[in-house]
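A.B. asks: Sharing a model that was predicted from the sequence below.
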Amino acid sequence: MTRSGQGVFLHRPLPLKRHEYPILQKVLVEGVAALNIRNAPSLDAKRLGRIQANQEVEKLGEEGKWYQVRVGTLEGWAYGGFLKRK
């Protein structure tokens, strides 16, 4: 936009949006041969898959001692006591 025809361009920066998604952390399975991924943060929850020892996963969040994780296209919950920050 110009001001009074003087050719001065006024720049208005766009407001910054708050980051809406969690910042991902890479974690490794440690201390067990394989770790179950479940559909809820509970030992009673349905098992969706397994993570092998030393496999890298993305940590999406946490609830108590459980981590919400993603491995490829699989997302679920794994017990955080066997996951170590990379």
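C.D. replies: That came through fine.

A.B. asks: hey, let's count contacts and neighbours off CA atoms from now on
C.D. replies: OK.

A.B. asks: Wait, Gly31 touches Phe82, no?
C.D. replies: Yes. With contact defined as CA atoms under 8 Å, Gly31 counts as touching Phe82 (6.0 Å).

A.B. asks: so which strand or helix has the residue nearest the centre of the chain?
C.D. replies: In the chain, the residue lying closest to the centroid (CA atoms, centre = their mean) is Leu60, at 2.1 Å. Assigned by DSSP states H and E, Leu60 belongs to strand 56-63.

A.B. asks: what residues are up against Arg47?
C.D. replies: Listed by CA atoms under 8 Å, 6 or more residues apart in numbering, the contact partners of Arg47 are 36-39.

A.B. asks: Most neighbours among these, which one?
C.D. replies: Compared across the contacts of Arg47, Ile37 has the highest neighbour count, 26 neighbours, by other CA atoms under 10 Å.

A.B. asks: State the pLDDT value of it.
C.D. replies: Looking at Ile37, its pLDDT is 94.

A.B. asks: If it is in a bridge, with which residues?
C.D. replies: Beta-bridge pairing of Ile37, defined through DSSP bridges, involves Gly49.

A.B. asks: just Glu63 next, same as before
C.D. replies: Residues in beta-bridge contact with Glu63 (DSSP bridges): Trp66.

A.B. asks: where do the strands sit along this protein?
C.D. replies: 25-29, 34-38, 47-52, 56-63, 66-71, 74-79, 83-85 (DSSP state E).

A.B. asks: Could I get the contacting residues of Gly49?
C.D. replies: Listed by CA under 8 Å, 6+ apart, the contact partners of Gly49 are 36-38.

A.B. asks: how far away is it from Val32?
C.D. replies: 15 Å (CA to CA, to the nearest Å).

A.B. asks: And Lys84, by the same measure?
C.D. replies: Distance of Lys84 to Val32, computed by CA to CA: 12 Å.

A.B. asks: go on, Val69?
C.D. replies: On the measure of CA to CA, Val69 and Val32 end up 17 Å apart.

A.B. asks: Could you check which of these two has the larger neighbour count?
C.D. replies: Taking other CA under 10 Å, Val69 and Val32 do not tie; Val69 has more neighbours (25 against 12).

A.B. asks: List the residues that contact the more buried one.
C.D. replies: 57-61, 75-78.
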